[in-house]
Structures are given as structure tokens and as C-alpha cells.
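A.B. asks: I would like to see how this sequence folds:
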Amino acid sequence: MQPARRSKGFRRTSTLVDQKVRAVTGQRGFAETRILTHWDDIVGPETAAMCRPVDVKYTRTHVGATLTLLTTGAMAPILKMQEPGIRERVNACYGYNAIGKIRITQTAPTGFAEGQVTFQARPKTQNLSPQEQRANRTKAAVHTSDVQDEGLRAALEHLGANIISKQSR
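C.D. replies: Numbers count the residues shown, from 1 in each chain. So this is what the prediction gives:
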């Protein structure tokens with residue numbers, strides 16, 4: 001006698017883990033897991049690079065939930081200005097005005113909750129060789145030769161050399 005077959009053919013991987021993912025995201029208040037999985041598509045790649053959704057808290061009156069976003073300290077003012085647009089896009093994902101308020105939480109640029117959330121830092125510019133630095137300094141010195149105060153002239157030369165090096169890149 002053959003054992004009974006449980007299903008016909010292959011099953012999608014998402015159906016195998018769907019209930020477990022719903023349980024975990026439900027603990028954080030995410031009724032719609034699309035907010036986590038498609039965050040880049042919902043808010044756009046520029047905003048998604050600045051923040052991550054962490055938590056959704058519902059009020060007792062069910063007027064509107066609070067979405068908590070995790071970001072670095074430098075990006076918080078930018079996100080604060082974009083808050084109405086972010087709320088509008090997230091509510092469009094839900095299909096109704098589920099999110100009434102957005103709370104922005106600041107953290108260090110790398111690592112949060114044992115490294116689960118990381119942000120991409122801007123790539124550092126490459127350092128110039130000493131010869132290129134001297135050449136930029138002499139170009140800047142030509143423009144600052146009329147300045148009488150030595151400290152001011154040195155500061156202007158340094159600033160000019162930085163500007164020239166950025167323009168040459």
C-alpha cells in the first residue's frame with residue numbers, strides 16, 4: 001500500500017513560510033508585510049536608503065497607527081520634511097488611512113538589533129597623491145596672493161585647493 005500524497009506537485013516557497021512570517025511581523029504590528037518586503041517600491045529608492053520601517057503601533061481608538069522609522073541622525077530632518085508624502089504612500093499600500101502618524105527614531109549608521117538593520121554609507125572619496133595636492137595648492141595660491149594676512153591666506157589656499165580637487169574629480 002502506497003502512502004497518501006499530501007499535495008499535487010511543487011509548492012511555492014512563500015506558502016511554506018507565510019504563516020511564520022505573518023506571526024513575526026504581526027508582533028511588530030505589520031498587518032501588511034508588503035511594507036517590509038517592498039519598502040523601496042513604496043517610498044522610493046532615495047527615501048528607502050535613508051530609513052527602514054521598524055514598528056507599527058495601533059491606538060485603542062483605532063484612529064490611526066504610528067509607523068516607526070529607523071534612520072541615522074543626519075537624515076532625520078530630511079525625513080521629517082518628507083513625512084506627509086511617506087504617510088500618503090504607505091496608506092496607499094494599505095488601501096486606507098491606516099497610518100496617522102510617523103515617528104522617526106535615530107540610531108548609529110551601522111548595526112541595530114544585532115546587525116539586522118544597516119544603512120549604506122556614502123562612499124568615501126579617494127585621497128589625492130601628494131603631487132596632486134601640491135599642484136592644487138599652487139593653483140589656489142595664485143588666486144590668494146593679494147591677501148595680506150598670512151593666516152587668512154593659508155586658510156583660503158586650503159579651501160581653494162579642496163575646491164579645485166573636487167572639480168577635477
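A.B. asks: Okay, helices next: where are they in this protein?
C.D. replies: Taking DSSP state H as the test, the helices found in the chain are 13-27, 34-37, 39-43, 45-50, 76-94, 130-143, 150-168.
A.B. asks: out of the ones you listed, nearest to residue 60?
C.D. replies: Each of the helices of the chain has some distance to residue 60 by C-beta to C-beta; the shortest is helix 13-27, at 17.8 Å. The C-beta positions use only the backbone N, C-alpha and C, and glycine is treated the same way.
A.B. asks: Average pLDDT for the closest one, rounded please.
C.D. replies: On average, the pLDDT along helix 13-27 is 59.
A.B. asks: How about stretch 60-72?
C.D. replies: The average pLDDT within stretch 60-72 is 81.
A.B. asks: As CSV, the helices of the chain with distance to residue 108 and mean neighbour count would be great.
C.D. replies: Below are the helices of the chain laid out as CSV (distance: least, C-beta to C-beta, whole Å; neighbours: other C-beta atoms under 10 Å):
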stretch, distance to residue 108, mean neighbour count
helix 13-27, 24, 11
helix 34-37, 21, 16
helix 39-43, 20, 17
helix 45-50, 14, 14
helix 76-94, 13, 15
helix 130-143, 32, 14
helix 150-168, 27, 14
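A.B. asks: contacting residues around residue 133?
C.D. replies: 161, 165 (C-beta atoms under 8 Å, 6 or more residues apart in numbering).
A.B. asks: tell me the domain ranges of the protein?
C.D. replies: Listed by automatic domain parsing, the domain ranges of the chain are 15-107, 130-168.
A.B. asks: Compare the mean pLDDT across these and name the weakest.
C.D. replies: Minimum mean pLDDT among the domains of the chain: domain 15-107, a mean of 79.
A.B. asks: Model confidence for residue 113, exactly?
C.D. replies: Note for residue 113: predicted pLDDT of 49.
A.B. asks: just to revisit the earlier point, tell me which of the helices of the chain sits nearest to residue 106.
C.D. replies: Shortest distance between residue 106 and those, using C-beta to C-beta, is found for helix 76-94: 5.2 Å.
A.B. asks: quick one: contacts of that closest one?
C.D. replies: So helix 76-94 is in contact with 31-32, 34-35, 38, 42-44, 47, 50-51, 67, 69, 71, 97-102, 104, 106, going by C-beta under 8 Å, 6+ apart.
A.B. asks: No more questions from me, cheers.
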